[in-house]
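Colleague: Here is a sequence together with a model predicted from it:
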Amino acid sequence: MTGYPQSRESMLRGRGGRVLLATTWILVSVGAAWALIHMELSVAADELLVETRRLHSLLEDNAVLNDAAVEGMSAILRICPHGDPEPARRFAHSILERYPHIYSLGAAVRVEHPQRTEFEANLRTHGVAGGIRRFDYEGDRQWHPVPAKTVYYPIQLAEPELQSTWDALGLDLDAVPLFQQTLQRALLSDQPAVSGVFEMTIGQRAYGMLRPVCEATEGPCDGQTSRTTPRFLAFLVVFAESMLDCARVSEGRYSCQVSIDQQDESAHRALLASAQPTNTVSALERLLFPKISHRVEVTRSSQPLVLEVSQQFGWGSVNLIPPALLLSLSAVGLLVALRLRSKHERTEHARAAIYRALNEERASLEIRVEERTRQLSAINEELEQENRAREGAEAALKRKSAQLRLLARRLMEAQEQERRALAQELHDDLGQSLTVLRTHAQIIRQQHPSEDDACAKSATTILDLAGGLYDSTHRIMRGLRPRALDELGLAGALQSSIEAADLEDLGIEVHSHFCGDLEGLDDAVAITVYRLLQEALTNVARHSGARNVWIRLERGSIRGGPEPGAGALLRLSVEDDGRGMPEPKLDKDRLGLLGAQERVEALGGAFFVETRAGGGVLLLAEIPLNQE
């Protein structure tokens, strides 16, 4: 009477299992297909990020060139304030020939009201009849005379020699609202100021840069004293669309936009260049697929430029063949799994009787096991009590040792990070400034070939001083952080350190051998090996009196441990055939080797120094890799 209900219950349980299997299978298959799509979207997003960084680098390079051009013009105006304008013209010609995105480069002069008549007469002698005037860029786009005021800043020099730049002579920058605000910002700062985007008289969009020039070489030209009163304004006009050709670089795949971010001049904020993708994306694609946007600012220039790159992904952004193939194979696999499930259910009834017999035998066995277990438990309790005390002491000792090693490693990493940051700051800030200073001095010296010329002598002095500062900066950087590790890798850096030791000049022949994969190591391991080899070579050069030194660095597996081959280690050995050490152990007075030992042990490694029986010293360091 109980067979029918049990059969029906088993049948219902089997049907529920098949439904659960099918549901889980479908969900997993759909998830795997979506994971494939997501992987392709991730690759596309990474490509967009790489492209954004490339475009940002192009834009930033042009911005830095703009700063260098206007700073170079201001330097020439400061060095030769009353002389021939030919040096400034030659400099402007050289800049305009190299960089086509720059439309014009020149200078405006400070003219007080009593000097206006003389300045306008000088303009008329050069064929400019309009005198000091202004152009209405935002209104009727016509030339207008400038009413009388205390100070004017008319353009005196503009290159290249085109009709449009010739017409700009006499343009009072202080009378144009667009440049008036830019001039006020430039007078209050010690760097070029950027105007908003405007349409030039030739119809093209551009933006300008102004740099006041006064006798003071530091601080703003705010007019508070005679030395800080600006005599000239170096100006630069840049084609807006030429800063970055978004339409060409985007290739119709994504949107690209370059703009000026003037927080205090929102009325003149505008796009420099922009481009939109050629393909259209439906509303369903916008719902299913993400839109990736990147907004980066130019930080290495005085120009507040912003680059925005974005891409709306859609069906065309992914390859649907792999997901479709996966779903098809999954459907076939599901059918096979359901058939196997049905066959399995039919065999379950036959197995049930065997399982019941086994369960009864197992219950009897468990009773006997419990009796034996109680006997063993009493014995184990006594052993555990003896082991607890010993294990507690060992665990405490291990914790203390691990904490000390961790603290030493953190201190070492903090020291190296501080050294790296300081070296990077010296390279990025002082190094680049010295390079720009040397470039400007070289240009001035080329423009004044006569050795008796005051500008040439000053430029030569600047070159010599900048060269000395440059060499001192690089020497300090090498002491703080070996750049060879970042540029050449560990093997190249060690080879460079061996060559720098000049052991062959002391009559010591070097035999070096590096094997194994030495790239991609943890930075703490690489710098420890580098410092250790430096200290070893210093000791060989100073104290060993050797004729040969053998250096071997290899990456191998850990041997002799509880789990052979479970990890990898880096083994460095330095051996010479010199006089040896007084004792086969570390001397407490040898602070260099003691510091090296602490570095190695902080990384969980082992450090040995011993004197060979036939003479000479062997230094051996083993550092485990892939350790947390």
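Modeller: Thanks, I have the structure now. Numbering: from 1, shown residues only.
Colleague: care to break this protein down by domain?
Modeller: Under the assignment named as automatic domain parsing, the residue ranges that make up the domains of the chain are 17-319, 487-624.
Colleague: what's the nearest residue to M73 if we skip its chain neighbours?
Modeller: The spatially closest residue to M73, leaving aside those adjacent along the chain, is A234, at 4.1 Å (CB to CB, 6 or more residues apart in numbering). Backbone N, C-alpha and C define where each C-beta goes, glycine included.
Colleague: does the nearest residue to T611 once chain neighbours are set aside count as helix, strand or coil?
Modeller: Sequence neighbours aside, G580 is the residue nearest to T611 in space, at 4.0 Å (criterion: CB to CB, 6+ apart). Local secondary structure at G580 is given as coil here, using DSSP: H, G, I helix; E, B strand; the rest coil.
Colleague: And for Y355?
Modeller: When the structure is reduced to helix, strand and coil (three-state DSSP), Y355 reads as helix.
Colleague: so how many other residues sit close to A395?
Modeller: 10 (other CB atoms under 10 Å).
Colleague: Going by contacts, tell me the helices and strands next to the helix or strand it falls within.
Modeller: Secondary structure from DSSP states H and E places A395 in helix 321-425. Counting contacts by 3 or more CB pairs under 8 Å, 6 or more residues apart in numbering; DSSP states H and E, helix 321-425 is packed against helix 3-79, helix 454-480, helix 523-539, helix 591-602.
Colleague: on that earlier part again, the residue nearest to M73 belongs to a strand?
Modeller: Yes. With the criterion set as three-state DSSP, the secondary structure at A234 is a strand.
Colleague: That one against R211, yeah?
Modeller: Yes. With contact defined as CB atoms under 8 Å, A234 reaches R211; the gap is 4.3 Å.
Colleague: shared neighbours of the two, anything?
Modeller: Listed as contacting both A234 and R211 by CB atoms under 8 Å, 6 or more residues apart in numbering are V70, E71, M73, S74.
Colleague: Hmm, K457 is touching E451, no?
Modeller: Yes. Under the criterion of CB under 8 Å, K457 is in contact with E451, at a separation of 7.5 Å.
Colleague: More neighbours: those two, which one.
Modeller: Neighbour totals were compared for K457 and E451, and K457 leads with 14 against 9 (other CB under 10 Å).
Colleague: quick one: contacts for the more buried one?
Modeller: If you count contacts by CB under 8 Å, 6+ apart, K457 has them with E451.
Colleague: Report the distance from stretch 26-33 to the chain centre.
Modeller: Counting by CA atoms, centre = their mean, to the nearest Å, stretch 26-33 is centred 38 Å from the centre of its parent chain.
Colleague: Listing request: residues of the stretch 101-250 of the chain with sub-threshold pLDDT.
Modeller: 216, 249-250 (pLDDT under 70).
Colleague: distance of V197 from F239?
Modeller: V197 sits 11 Å away from F239 when distances are taken as CB to CB, to the nearest Å.
Colleague: Quick check: neighbours shared by those two?
Modeller: Shared contacts of V197 and F239, defined by CB under 8 Å, 6+ apart, are found at R205, A206.
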